[in-house]
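Enquirer: got a predicted model here, sequence first, then my questions.
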Amino acid sequence: MRTSGGSVEITRAFERELDALAHDASFAELEVVRHHARPVRGVTELSVTIDRRGGVDLALCERVAGRISAHLAAFDEPYTLEVESAGLDRPLLRPEHFGRFVGERARIVTSLAINGTKTHRGVLRGVRGDAVVIETENGELPLPMPTIKSANLEYDARADLQRDKRERKKTHGNSRYRS
């Protein structure tokens, strides 16, 4: 990455602050999923994607942005900062991500065709050796990690709606209101 002297310094300060956030008890369970810093038309563009168990809300994104901005205030160089949630279709980037989300639906794209296709969908079953294992309609499928180009969770709105419906039924029963 080509950067000016100032851009290198603000990038280093940004990365130091991300590391500090990960160890700060007031940001418990915060995970920096990915980040980048790059020069764009004379401005350093800083971006960080965060996650935590239970999800990320706007207030947490604002707290993270405020903390980073406070630490970058000493720099005269212009920058932009974007803090975002990993979202419902959260990327899976490291082996520990595949273990953390066992039981969740995922979409994995491989660089080589495996079983005749490069796009694989199924339920994560974890990591075994050097492979991510997903359960497909045809059974378990091991996908060698070196072949994985991209992977993310797949949000299933129908499953969410069905789960909500079951919970409402449990809570309210099948009673009907009479007047």
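Expert: Arrived safely, thanks for sending.

Enquirer: for the lengthiest strand in the chain, name the packing helices and strands.
Expert: When every strand of the chain is counted residue by residue (DSSP state E), the longest turns out to be strand 117-128. The contact analysis (3 or more C-beta pairs under 8 Å, 6 or more residues apart in numbering; DSSP states H and E) places strand 117-128 against helix 95-100, strand 105-114, strand 131-136, strand 139-144. All C-beta spots, glycine's among them, are computed from the backbone N, C-alpha and C.

Enquirer: which residues does it contact?
Expert: For strand 117-128, the external contacting residues (C-beta atoms under 8 Å, 6 or more residues apart in numbering) are 95, 98-99, 101-112, 114, 132-137, 140-143, 145, 149, 154.

Enquirer: how's this structure carved up into domains?
Expert: 5-85, 95-157 (automatic domain parsing).

Enquirer: for Arg168, find the nearest of the ones you listed.
Expert: Arg168 lies closest to domain 95-157 among the domains of the chain, at 16.4 Å (C-beta to C-beta).

Enquirer: just how off-centre is the closest one within its chain?
Expert: Taking the mean C-alpha point of domain 95-157 and that of its whole chain, the gap between them comes to 16 Å (C-alpha atoms, centre = their mean, to the nearest Å).

Enquirer: go on, stretch 152-163?
Expert: The answer for stretch 152-163 is 16 Å, by C-alpha atoms, centre = their mean.

Enquirer: switch the domains of the chain over to TSV; also include mean pLDDT.
Expert: Shown next, in TSV, are these (pLDDT from 0 to 100):
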stretch	mean pLDDT
domain 5-85	92
domain 95-157	94
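
Enquirer: redo these as a markdown table? Include distance to Lys169 and mean neighbour count.
Expert: Formatted as a markdown table, the domains of the chain follow (distance: least, C-beta to C-beta, whole Å; neighbours: other C-beta atoms under 10 Å):
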| stretch | distance to Lys169 | mean neighbour count |
| --- | --- | --- |
| domain 5-85 | 25 | 15 |
| domain 95-157 | 19 | 15 |
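
Enquirer: next, format those domains as CSV and append distance to Arg163.
Expert: Output for those, formatted as CSV (distance: least, C-beta to C-beta, whole Å):
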stretch, distance to Arg163
domain 5-85, 16
domain 95-157, 10
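
Enquirer: so where do the strands sit in this protein?
Expert: According to DSSP E, the strands that the chain contains are 31-40, 43-51, 79-85, 105-114, 117-128, 131-136, 139-144, 148-153.

Enquirer: turn those into JSON lines, including distance to Asp19.
Expert: Listed next are those as JSON lines, based on distance: least, C-beta to C-beta, whole Å:
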{"stretch": "strand 31-40", "distance to Asp19": "8"}
{"stretch": "strand 43-51", "distance to Asp19": "12"}
{"stretch": "strand 79-85", "distance to Asp19": "15"}
{"stretch": "strand 105-114", "distance to Asp19": "28"}
{"stretch": "strand 117-128", "distance to Asp19": "25"}
{"stretch": "strand 131-136", "distance to Asp19": "27"}
{"stretch": "strand 139-144", "distance to Asp19": "31"}
{"stretch": "strand 148-153", "distance to Asp19": "25"}
